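Colleague: following is a predicted model, sequence given first.
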Amino acid sequence: MTSKTRYDIIAVVTLTGKSSQESIWIKERARTLRFDLCGIVSLSPGENVGEIFPELAHLDDWLARGYAGEMRYLRDPRRADPRSVLEGAQSVIAVALNYNSGHPSSGPTSASRTMDSADDATSPRGWISRYAWGDDYHEVLRGKLNALVDAMREHFPESFEARAYVDTGPVIERVAAKYAGLGWLGKNTCLIHPQLGSWLFLGVILTTLALEPSLAPAQPPPADLCGTCTRCLDACPTQAFPKPYVLDARRCISYLTIELRESIPAELRHGIGNAVIGCDICQDVCPWNRKAPSTALAVFQPRENHEDGTSLLNPDLERLASLSQTEFSAMFRASAVKRAKWRGVVRNACVALGNSRIAPEHPSYRRIVPLLERLAASGDSLIAEHAQWALDAVRASGSSFVGS
Ligand code: B12
Ligand code: SF4
Ligand code: SF4
């Protein structure tokens, strides 16, 4: 995407007018830091939180249904009101950064992904989500947000508090971004911008500065353009949406492959297909991503290691399942994949190998079966159990592996 396009898009969320000079200045700085979108929400002290962020009214119900699974940090009561995170907070600055590196999508279903991705006859391939192909987005966005806060400290004469968060704070960033005017929350729960789509990382700055909001008091947030579409809901291979706009995280492949530290429920393993880290399916099928522009940022391009031929785009599953802890640390230095940890990635690679439908006559079968047998004998009970499951699945399938 050209810088001109980015500039125009920032202008869309900019309120003009004399009193909004400080907000305009912040959005301009965000643009020079190469954020694609920036908007501001006002947190009036006397206002009911439900009036500022209506979606938060569903939070208790969402938690009570158990949809958060083992993500205990989502129960932090401060998530119910950003004003409880920073005393005297009066504004939220929300930013978005495009991470669409312009490479192909993961395909419509897990089953076909498994088949189609076997374009390399030597070994079955896995899938790492687009968000984790390049450098760790937490670091990339945090660096830019801290630079924005530093610039604000130089620019504004008064003293103020500011806290920048990317994921890690007790703030629901998508809801803040919606009311900062950055987009709507789709049926897949992602923030979608009509021109940029949903391949957007979000970040927020909570501040005690009273800033002009991007939406005027009676102005509604960006319209929901999902219409009658249900592509994301229909395509989810693990049926993780109990209803539109609501995700049961316990069934989401992203949760199962990254957040869950324990055994992956057996009934969900087939749906995981060849996913090793996260899942992109409900965004791949979204019509609003068809024309999503690509990012020019090199940090989000898929990592390639030319020495050993490994790539994070369609990675070799045998390689991932065979990684030692030391190799894992080297391969995923400064990468978001680190969050899943070594045993999580080996566990996930076993499940993906189990789903690979590799045929006994395929050349890699003679390597994969002994690899899984070795892992099934591992002293790590989590890895051993998933490797045994994969071994049983590989032996049982004995059918077609496209690419053989
Ligand atoms: C926990 C978490 C997850 C969990 C849970 C996801 C979820 N939907 O909550 C898991 C691990 C599954 C996950 C997956 C992914 N995540 Co995530 N995740 C987060 C995190 C850290 C917190 C989100 C949160 O608070 N969830 C709690 C629940 C309560 O929120 P919710 O789903 O929005 O629930 C609301 C609705 O259900 C609504 N609601 C309930 N009932 C009803 C009824 C109606 C009628 C309506 C309208 C609404 C409604 O109210 C609820 C409360 O507000 C945020 C960062 C942050 N701090 O915000 C990133 C974040 C949301 N994730 C992000 C990304 C990129 C992903 C993945 C794409 C990664 C991947 N490729 O695997 C997937 C996408 C899956 C999906 N479809 O959402 C981005 C999203 C960017 C965007 N454009 O939207 C964020 C913002 C990270 C970032 N800093 O960029 N993630
Ligand atoms: S990320 Fe994948 S598993 Fe999770 S809700 Fe979307 S399609 Fe379903
Ligand atoms: S796939 Fe359709 S329903 Fe789902 S988020 Fe995109 S437009 Fe909305």
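Modeller: Good, I have the coordinates. Ligands and ions are numbered 1, 2, ... in the order given.

Colleague: residue 96: what secondary structure?
Modeller: Following DSSP: H, G, I helix; E, B strand; the rest coil, we place residue 96 in the strand state.

Colleague: does the closest residue to residue 223 other than its chain neighbours have beta-bridge partners, and which?
Modeller: Leaving aside its sequence neighbours, residue 223 sits nearest to residue 184 (Cβ to Cβ, 6 or more residues apart in numbering; 6.4 Å). Every residue, glycine included, has its C-beta placed from N, CA and C. Beta-bridge pairing of residue 184 under DSSP bridges involves residue 192.

Colleague: number of nearby residues for the closest residue to residue 325 other than its chain neighbours?
Modeller: Excluding the flanking residues, the one nearest residue 325 by Cβ to Cβ, 6+ apart is residue 342, at 4.7 Å. When neighbours are defined as other Cβ atoms under 10 Å, residue 342 has 19 of them.

Colleague: where does residue 5 land on pLDDT?
Modeller: As predicted, residue 5 sits at a pLDDT of 40.

Colleague: which ones are touching residue 247?
Modeller: Residues near residue 247 by Cβ atoms under 8 Å, 6 or more residues apart in numbering: 67, 188, 189, 240, 241.

Colleague: returning to what we had before: list the contacts of the residue nearest to residue 223.
Modeller: 178, 191, 192, 221, 222, 223, 224, 225, 226.

Colleague: hmm, the fourth one is touching residue 179, no?
Modeller: Yes. With contact defined as Cβ atoms under 8 Å, residue 221 reaches residue 179; the gap is 5.5 Å.

Colleague: what residues are up against the most centrally placed residue in the chain?
Modeller: Central residue of the chain (Cα atoms, centre = their mean): residue 131, 5.6 Å from the mean position. Neighbouring residues of residue 131 by Cβ under 8 Å, 6+ apart: 99, 137, 201, 278, 336.

Colleague: so it belongs to a strand, correct?
Modeller: No. Secondary structure assignment (three-state DSSP) places residue 131 in helix, not in a strand.

Colleague: SS state for residue 254?
Modeller: Per three-state DSSP, residue 254 ends up helix.

Colleague: how near is it to residue 156?
Modeller: Look at residue 254 and residue 156: by Cβ to Cβ, to the nearest Å, they are 38 Å apart.

Colleague: so residue 303 is in contact with residue 333, correct?
Modeller: No. Between residue 303 and residue 333 there is no contact under Cβ under 8 Å: 9.9 Å.

Colleague: so between the two, which is more surrounded?
Modeller: Neighbour count, other Cβ under 10 Å: between residue 303 and residue 333, residue 303 has more, with 21 against 12.

Colleague: distance of that one relative to ligand 3?
Modeller: In this view, residue 303 and ligand 3 are 28 Å apart by Cβ to the nearest ligand atom, to the nearest Å.
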